[in-house]
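Q: Quick one, structure for this:
(chains A and B)
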Amino acid sequence: MALLKGDTGGQVMLGLLLAVAVVVPVLNLAVPEGSPLHVSTYTVTLLGKYLTYALLAVAVDLVWGYLGILSLGHGAFFALGGYAMGMYLMRQIGDRGVYGDPILPDFMVFLDWQSLPWFWHGFDMFWLAALMVMLVPGALAFVFGWLAFRSRVTGVYLSIITQALTYALMLAFFRNEMGFGGNNGLTDFKDILGFDLQADSTRVGLFVASAVALALGYLACRWIVTSKLGRVAVAIRDAEPRVRFIGYRVDRVKVAIWTFSAMLAGIAGALYVPQVGIINPGEFSPLNSIELVVWVAVGGRATLYGAVIGAIVVNYGKTYFTGAFPEAWLFALGGLFVLVTLFLPQGIAGLFRQLTRRRGGSAAEGATA
Amino acid sequence: MRQSCPYRPCSFRLRRRLKSAPPVVAAVAALLLLGTVVTGAAWAQSVTDASAADAGSAVEAPQAPQAATPAPDAGDTVAAAAAPSLPESLAKLADRSFKVKQQAAEDIAASGDPRAVEFLRALLDGDLYYRKDDDRIVFAERSDGGWALTDALTGEDLGEVGRRDARKITINNRMRTALRTDIAALTLASPDAAVRLEAALEMVGTTDPDTLAALEAQRPKEQDAEVLDAIELALAIAGLEAESPDARMEAVAALGASLYPEARNALDELIRVEQDPAVLAAAEAARADTERRVENMRRLETLFFGLSLGSVLVLAAIGLAITFGVMGVINMAHGELIMLGAYTTYLVQLAMPNAIDYSVFVAIPAAFIVAGLFGVAIERGVIRFLYGRPLETLLATFGISLILQQLVRTTISAQNVIVENPSWMSGSLQLNPALSLTFNRVYIFVFALLVFVALLLVLKRTALGLQVRAVSQNRAMARAMGVRSGRVDALTFGLGAGIAGVAGVALSQLTNVGPNMGQAYIIDSFMVVVFGGVGNLWGTLVGGLTLGVANKFMEPWTGAVLAKILVLVFIILFIQWRPRGLFPQRGRAAEG
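A: Numbering: from 1, shown residues only, chains lettered A, B, ... in the order given. The predicted structure follows:
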């Protein structure tokens, strides 16, 4: 637990996460449905979805908060991980699809394809899909980062080309010829590893898996930022040329952390897809990627646990607003963007820190950009 | 490091492709050509207006010249003196026998009356009726429960009659063919070149000796090059049927020079059936020749589409070049300011529904003011607190963009609205049979250039421009010299936003106007600015036009979506190669 030393927010967050990961499944499976304490499966899935978003936000915070790279394309890595998982789930459908083809997914039969495209082979094996969930986003991030960071593309330019990346991928995945179901994406999943996706126990299992992934992802990021690598990263964020002049290979540090972050985002996507039951090119939309940057901004940059808070608070707000006042959601989200950047540059986490500092005086180290 | 740069092959390939494509020269030519088009736009306008008016009022227009020179010496019923008068022939149309009717139609054609074409065309179109009780020839229009009749000859209103009291004058296929020929021959003598052109094109492919005689008769008299072209086409196609190989050779040569698709079809047909080897070889050569020329025209057209798309990109991006390039502010709400401009056009049109033609001239300043005011408000309300923090500005302005979108959705409608095109923007400029340019695209191209020049002048020649450049280069020093940087910031942002609004007016003429339209342009606009080089208006112009043309030239090979993806990938790679765009800023300002 040396990782969490001095990370009060992280300790509280992980404690809460542990509690939720134990209590929610019990309340869902052991408490009878009529009881006021019962947590519906719908809520469990919703919470599971939030947890995957939180993991994604942690990945973004790692590169934005600690490395100073504002990625407007992290949604792409999330979606790629989701697609890799979606392909596995598609292959699991087997002959239970509408057209009953034992090999080809429905949309391929519909497009009158005769055989499986090469990149679909092997996705009936879970281990390969699980590997691809990390490898595909990781490889893309590596190539992209290797090119961009070596050429010293920084700041706004980098943000804009990451946006171009996700936009290009969105357009590409919308094409039927790509072999990923075009517009409709991948859906109608039946089961995962032999467990029925509609069953309560599977849902709870996915929820717990998301919680575990979030906890592990958090600890891994925490490990990076407390390591020497993390300290170089923070130095790069604050004064890149100076770090370079001292003799560090800035591009390598950046590529390493960037790629790791992308793989984390891919895992989040892979856990997201079986819970919501669909993955389509809309996940690549630049709007999604920008939105998730706002989760981090709302929660507080460069704290990691702030990203978790931000992702859950904003998404809960979204669920609430789109249900109660669908008209007002964009006003609320837009207002949140403006207000947080103007008045809460440290986010909710910063607010907490300010409060605790005022009360106890245990000055937490302030992260500024 | 640079040597191992993997994008060299890419740029090399591009260069090679350009080299292999003759249109580089054509591109320059087309630019010049477009320039002449532009200056001649007003002229071209008046031409189409005139022809439109003629087409509309052909009925009333006294066509004296035609009557004076009784058109065709075609037809066997040429004995003009003995021919029955127009009213007589017209009355005969009520007869049951097709033979009589056909004779009557030919008499009408031969009558030399200026209204003959009108009657024949009505007959062909089935608009001519006769009243049952007195066999009077009438125009009939369906009214509730019957027909509203007007006398064909006098135009007198004959009131309404029952459904069974008037009957359509029926024609058979032979008559139909004859009518078409007659109409064509008559219109071929029309004083209006547009009518003659239409007639000549109608006759293309005919083998009827009378029609061909009419064409031959018109050929030496014809002054209009376009009509002459069409006449020669029709004659050459007919000439392919000639007995002597020499005559066929001549026809083949004529067809080889034509850009009409009919010429190519005729040559294809000839190549299939031709026996004479010399003619066959000539036909094949001519076919290849036309193919090549049409291909060149197609390239020119693609270039035009590319420049048109490029001009749209430039329009959308140029406001951003100001706010992003000059001020260093990343305005994600830029697309929404474009949208506001488009909606202003819509509202202006709602306010002046009877003057759509002029609404654009009201909408341009209105959109500039509306979007500009929004821009000033955004700058004063949000952005000025965020200078020096570009990434935060990005998020805050993105929030503003969401608010503006929802604002339009709530106050106007979530659906797309319809913005009408002024009539002078519809139609197209037919340069030759294989190449036509639509007016709205030509105008928008010109408009984009005008906006660009205006903006350049503002920045280089006005006091505000001087201050803007001073602040963007060194804020502290500018302030020390007495420039009120806050005011300059607000005005610059307002200017960029106003230009976005003006771009919205132009875009409203090309695409759907809806709450989401801004999002479609924001990414493209950023790409253009980043590609061209931040802080450089020329870079935006060149970048926008290049991307537009590249996109359109790729489309035939790859399809629209893939072309767009490739352009995005190209920009991503290009940025690696030249991280500061095509025209990077130099000097100290670039370090910021």
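Q: where does the closest residue to chain A within chain B fall, phi/psi-wise?
A: Chain A sits closest to B:G399 of chain B, with a gap of 2.4 Å, by Cβ to the nearest Cβ. (Glycine included, C-beta is placed from N, CA and C.) The phi/psi pair for B:G399 (degrees, to the nearest 10) reads phi -60, psi -40.
Q: and it, how many neighbours?
A: B:G399: 27 surrounding residues under other Cβ atoms under 10 Å in any protein chain shown.
Q: Skipping its backbone neighbours, what lies nearest it in space?
A: A:F337 (2.4 Å; Cβ to Cβ, 6 or more residues apart in numbering or on different chains).
Q: residue contacts, that neighbour?
A: A:294, A:297, B:395-396, B:398-400, B:402 (Cβ atoms under 8 Å, 6 or more residues apart in numbering or on different chains).
Q: still on that earlier bit, what does the model give the residue of chain B closest to chain A for pLDDT?
A: With respect to pLDDT, B:G399 has a value of 90.
Q: residue contacts, it?
A: A:294, A:333-338, A:341.
Q: Looks like B:D268 contacts B:R287 (just checking).
A: Yes. Assessed by Cβ atoms under 8 Å, B:D268 is found in contact with B:R287 at 6.9 Å.
Q: So which of those two has more stuff around it?
A: Higher neighbour count among B:D268 and B:R287: B:R287, with 20 against 11, using other Cβ under 10 Å.
Q: What ranges does the chain have for its strands?
A: No chain specified, so I'll use chain A. A:186-187, A:191-192, A:195-196, A:278-279 (DSSP state E).
Q: not quite, I wanted chain B
A: Using DSSP E, strands in chain B cover B:128-131, B:137-143, B:146-151, B:157-162, B:166-168, B:428-432, B:435-438.
Q: Most distant residue from the centre of chain A?
A: Centroid-distance maximum for chain A: A:Q114 at 35.0 Å, with Cα atoms, centre = their mean.
Q: Could you measure from that one over to chain B?
A: Going from A:Q114 to chain B by Cβ to the nearest Cβ, to the nearest Å gives 22 Å.
Q: and if you look at A:M125?
A: 30 Å.
Q: Which residues are in contact with that residue?
A: With contact taken as Cβ under 8 Å, 6+ apart, A:M125 is in contact with A:Y88.
Q: can you check A:M132 too?
A: Here A:M132 is in contact with A:84, A:87, A:123 (Cβ under 8 Å, 6+ apart).
Q: what would the residues you listed look like in JSON lines with pLDDT, distance to A:W64 and neighbour count?
A: JSON lines is the format used below for the contacts of A:M132 (pLDDT from 0 to 100; distance: Cβ to Cβ, whole Å; neighbours: other Cβ atoms under 10 Å in any protein chain shown):
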{"residue": "A:A84", "pLDDT": "95", "distance to A:W64": "24", "neighbour count": "25"}
{"residue": "A:M87", "pLDDT": "94", "distance to A:W64": "29", "neighbour count": "26"}
{"residue": "A:F123", "pLDDT": "90", "distance to A:W64": "32", "neighbour count": "20"}
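Q: Filter those residues down to the ones in helices?
A: A:84, A:87 (DSSP state H).
Q: what about B:T397, distance to B:L337?
A: Per Cβ to Cβ, to the nearest Å, B:T397 is found 10 Å from B:L337.
Q: tell me, what's touching these two both at once?
A: B:N331.
Q: These two - which one has more neighbours?
A: Each of B:T397 and B:L337 has its neighbours counted (other Cβ under 10 Å); B:L337 has more, 31 against 24.
Q: got a list of what that one touches?
A: B:319, B:331, B:371, B:374-375, B:404, B:497, B:500-501, B:504, B:518 are the contacts of B:L337 under Cβ under 8 Å, 6+ apart.
Q: Just give the closest residue to it, not the sequence neighbours.
A: Nearest non-adjacent residue to B:L337 (Cβ to Cβ, 6+ apart): B:A500, at 3.8 Å.
Q: Nearest to B:A282 among the contacts of A:F337?
A: Set against B:A282, the nearest of those by Cβ to Cβ is B:F398 (65.4 Å).
Q: Let me see the contact set for the closest one.
A: Counted by Cβ under 8 Å, 6+ apart, B:F398 has contacts A:290, A:294, A:334, A:337, B:332-333.
Q: Which pair of those spans the longest distance?
A: A:V294 and B:A333 (14.8 Å).
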